[in-house]
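Engineer: Below are the sequence and a predicted model; questions follow.
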Amino acid sequence: MNGAESVLRTLVASGVEVCFGNPGTSEMHFVSALDRVEGMRAVSGLFEGVVTGAADGYARMAGKPAATLLHLGPGLGNGLANLHNARKAQVPLVNIIGDHATVHQRFDAPLTSDVAAFASTVSHWVHAARSSKTVAYDAARAVQAARSAPGQIASLILPADTAWLPAERPAAALPVLGPAVVSELAIAQSASALRSGNKVALLLRGDALTGRGLAAAGRIAAATGARLVCDTFAPRVERGAGRVTVERLPYRPEPAIAFLDGTKTLVLVCSQAPISFFAYPDQPSELTPSGCEPLVLAHPHEDGPAALEALAEAIGACKPAAAGGLALPDLPQAGPLTNEAVMRIVGHYLPENAIISDESITSGFPHYALLENAAPHDCLQLTGGAIGDGLPVATGAGIACPARKIVSLQADGSAMYTLQALWTQARENIDAVTIIYANRAYKVLLEELQGVGADAAGAKAFSMLDLHNPALNWVRLAEGMGVEAVQVGETKAFADAVRSAMAGRGPRLIEALV
C-alpha cells in the first residue's frame with residue numbers, strides 16, 4: 001500500500017463516496033489507486049470550476065462531503081471561484097490537491113507555487129502532508145474538519161512522494177464535531193420577543209430551511225404571526241406545494257429595507273443580520289431597518305432545527321402551518337417567449353421532488369414566486385455571488401440524487417464560465433434539464449452600471465456587457481458535448497420542449513430566446 005491508496009481507503013472509511021477530479025502528473029498515483037479501492041466513485045470534470053462546483057452541489061443535497069482532486073496551485077486556482085461559493089454555502093468539502101514531490105520543490109519548477117496560500121483563501125482547514133506514513137491520518141483529519149458544523153472546506157495538500165512511497169495502513173474515521181446545542185437563554189430571549197406583540201421576523205438559513213427546521217418554523221409562524229424570511233441566495237430551500245412558505249429577501253438595499261420595515265425583532269437562525277451585496281453611493285450596507293433589533297437564536301455552527309423545535313415548544317406552538325396545495329402556474333398565451341413565460345412553463349411541468357439549480361439572476365428573480373405552489377422541490381441558489389456555479393451545482397446534485405429530476409435555470413453569460421459541466425452530465429448520464437435564458441447580455445451588470453451611479457455609459461461600456469457579435473449558439477455548444485439540445489423563441493414551442501424534457505431521462509438543454 002502506498003500513501004495515495006491509504007488516503008483513498010481512509011476517505012471511504014470516513015464516509016466520502018465520490019471524488020470529482022481534474023488531475024495532472026502529480027496526482028497519478030491517486031488516480032491509479034482508484035482502481036484498487038472499492039467504494040469511491042470517480043467523476044471527471046474538464047475544468048476545475050466544474051469539479052469544485054459539483055462537489056458543492058453534491059454536499060448541499062447529500063449532506064456530507066465529496067472529495068475533489070486538483071492539480072497543484074494552478075489547478076486549485078481554476079477552481080477557487082466555486083470553492084468560494086461552497087464556503088459561503090457552508091457545505092462540507094474535502095480538497096485533495098497534488099503538489100511537487102518534497103525533494104523537487106526547491107528547484108522552483110514551472111508549476112511550483114504556494115499551494116497553501118491559494119488554498120487558505122477559501123479553506124477553513126489547510127494541511128500539507130509530510131510523510132506517506134502519516135498521510136492517512138491527515139486525510140481523516142481533513143474529513144473531520146470538513147464535517148464540523150455547519151460544514152467547512154478542508155484542503156489536504158498531497159506532495160507526489162507522499163503518494164507514491166509506502167504506507168502502513170488507512171486511518172479510522174474520526175468523530176464528527178457538532179452541531180452545538182443552543183443555550184436555553186437564547187430560546188427564552190426569542191420566546192420573549194415572540195410574546196411581545198411586536199412585529200417579528202425569523203431569518204432562516206441552512207437546515208432551518210429544510211425538514212424538521214422548516215416545519216418547526218412554520219408552527220412558530222402559525223402561532224405568532226411571525227414572518228419567515230430567507231437570504232436572497234440561500235444554499236438550499238424546500239419549496240412548493242405542501243411546504244411552509246418562506247419569503248425571499250430582495251436583492252437590492254432599498255427594497256430589502258422596505259421589505260423588513262416595521263419589524264421590531266429579527267430572529268437569526270443559523271444566519272447573520274442582512275447586508276447589501278455591494279456598497280452603493282448614499283445607500284446603507286446594513287439592511288436591518290431603523291428600530292429593528294437582531295437577536296440570535298442559533299449561530300451557524302449550532303443546531304438550528306432543534307432550536308426552532310425548542311422555541312415552538314416554549315411558546316406552545318403545536319399547530320402546523322397552513323401550507324398551500326398544488327396550484328400550477330397557468331401556461332402563458334401564445335407569442336414571443338418572455339422571462340415570465342419561461343418560469344410559468346417550467347413551474348407548470350416541474351415534476352415532483354425535482355431539484356432546481358437557479359442561476360437565472362435577473363431573468364428569474366422577479367418571477368421566483370411563481371413556483372411557490374408548484375410541485376414540491378428543492379431550490380439551490382448562487383450563495384457566494386461568483387457566477388458560474390449553476391451548471392456544476394446541478395451536476396453534483398444529480399450525482400447525489402440520481403432518482404430526482406435536476407432543472408438548471410441558467411443565465412447565458414454565467415453559463416459560459418463552466419459550460420464544460422454539460423460534458424460531465426452527458427458522461428455520467430445525469431437526468432438534468434438545462435434552461436438557458438438567452439438574452440445575449442450580462443443584464444445584471446447593465447443594472448449595476450446604473451445602481452452604482454457610474455457616469456453615462458457609451459458604446460465601449462455597453463460592448464463589455466453585450467454577448468452579441470458573435471451570438472452564442474447553445475444548441476451547437478451542447479451537442480458538441482453530447483447533450484441533446486433545441487433552440488426556441490416562442491411560448492408553445494418552449495412548452496413542448498419542456499414537457500418532453502421533463503418526461504424523458506438524461507441530459508437535455510433548451511435555449512430560450514428571451
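Structural biologist: Received, thanks.

Engineer: Run the chain-centre distance for the helix or strand hosting residue 42.
Structural biologist: In this assignment (DSSP states H and E), residue 42 forms part of strand 41-44. Centroid separation for strand 41-44 versus its chain: 19 Å, with C-alpha atoms, centre = their mean, to the nearest Å.

Engineer: Which elements pack onto the very next helix or strand once past it?
Structural biologist: Remark: after strand 41-44, the chain's next helix or strand is helix 48-62, criterion DSSP H and E. The helices and strands touching helix 48-62, judged by 3 or more C-beta pairs under 8 Å, 6 or more residues apart in numbering; DSSP states H and E, are strand 18-22, strand 67-70, helix 72-78, helix 80-89, strand 93-99, strand 377-381, helix 390-400, helix 421-428. For the C-beta atoms, the positions are set from N, CA and C on the backbone; glycine is no exception.

Engineer: okay, these in a markdown table with mean pLDDT next?
Structural biologist: Formatted as a markdown table, those follow (pLDDT from 0 to 100):
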| stretch | mean pLDDT |
| --- | --- |
| strand 18-22 | 98 |
| strand 67-70 | 98 |
| helix 72-78 | 98 |
| helix 80-89 | 98 |
| strand 93-99 | 98 |
| strand 377-381 | 98 |
| helix 390-400 | 98 |
| helix 421-428 | 98 |
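
Engineer: In terms of secondary structure, what does the worst-scoring helix or strand of the chain on mean pLDDT contact?
Structural biologist: Ranked by mean pLDDT, DSSP states H and E, the weakest helix or strand in the chain is helix 443-451, scoring a mean of 76. If contacts are counted by 3+ C-beta pairs under 8 Å, 6+ apart, helix 443-451 sits against no helix or strand.

Engineer: Can you give the contact residues for it?
Structural biologist: Helix 443-451 has contacts (C-beta atoms under 8 Å, 6 or more residues apart in numbering) with 252, 278, 280, 361-363, 411, 457, 461-462, 465.

Engineer: Filter these down to just the buried residues.
Structural biologist: Those of those that meet the buried threshold are 252, 280, 361-363, 411, 465, by 16 or more other C-beta atoms under 10 Å.

Engineer: picking that back up, Serialize the helices and strands packed on helix 48-62 to TSV and add fields for distance to residue 210 and mean neighbour count.
Structural biologist: As requested, these are arranged in TSV below (distance: least, C-beta to C-beta, whole Å; neighbours: other C-beta atoms under 10 Å):
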stretch	distance to residue 210	mean neighbour count
strand 18-22	21	25
strand 67-70	24	30
helix 72-78	31	21
helix 80-89	13	25
strand 93-99	19	28
strand 377-381	8	24
helix 390-400	14	30
helix 421-428	24	25
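
Engineer: Including distance to residue 262, could those go into JSON lines?
Structural biologist: Formatted as JSON lines, those follow (distance: least, C-beta to C-beta, whole Å):
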{"stretch": "strand 18-22", "distance to residue 262": "46"}
{"stretch": "strand 67-70", "distance to residue 262": "45"}
{"stretch": "helix 72-78", "distance to residue 262": "46"}
{"stretch": "helix 80-89", "distance to residue 262": "29"}
{"stretch": "strand 93-99", "distance to residue 262": "39"}
{"stretch": "strand 377-381", "distance to residue 262": "26"}
{"stretch": "helix 390-400", "distance to residue 262": "35"}
{"stretch": "helix 421-428", "distance to residue 262": "43"}
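
Engineer: So which of those is nearest residue 3?
Structural biologist: Between residue 3 and the helices and strands packed on helix 48-62, the tightest spacing by C-beta to C-beta is seen for strand 93-99, at 11.4 Å.

Engineer: Taking helix 80-89 as reference, get the angle to that closest one.
Structural biologist: Between strand 93-99 and helix 80-89, the angle comes out at 150 degrees (axes from the mean of the first three to the mean of the last three C-alpha atoms, to 10 degrees).

Engineer: Strand 93-99 pairs with which strands?
Structural biologist: As defined by DSSP bridges, the strand partners of strand 93-99 come to strand 67-70 (parallel), strand 153-159 (parallel).

Engineer: Throw those into a markdown table and include distance to residue 501, thanks.
Structural biologist: What follows is the strands paired with strand 93-99, written out as a markdown table (distance: least, C-beta to C-beta, whole Å):
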| stretch | distance to residue 501 |
| --- | --- |
| strand 67-70 | 29 |
| strand 153-159 | 34 |
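
Engineer: beta partners for residue 18?
Structural biologist: residue 41.

Engineer: Sketch out the low-pLDDT regions of the chain for me.
Structural biologist: 455 (pLDDT under 70).

Engineer: I'd like to know how many residues surround residue 312.
Structural biologist: Residue 312 is flanked by 25 other residues according to other C-beta atoms under 10 Å.

Engineer: Over to residue 453?
Structural biologist: 10.

Engineer: ok, which stretches of the stretch 101-250 of the chain are helices?
Structural biologist: Here the stretch 101-250 of the chain has its helices, by DSSP state H, counting those that start in this stretch, at 115-120, 135-146, 160-164, 184-195, 211-224.
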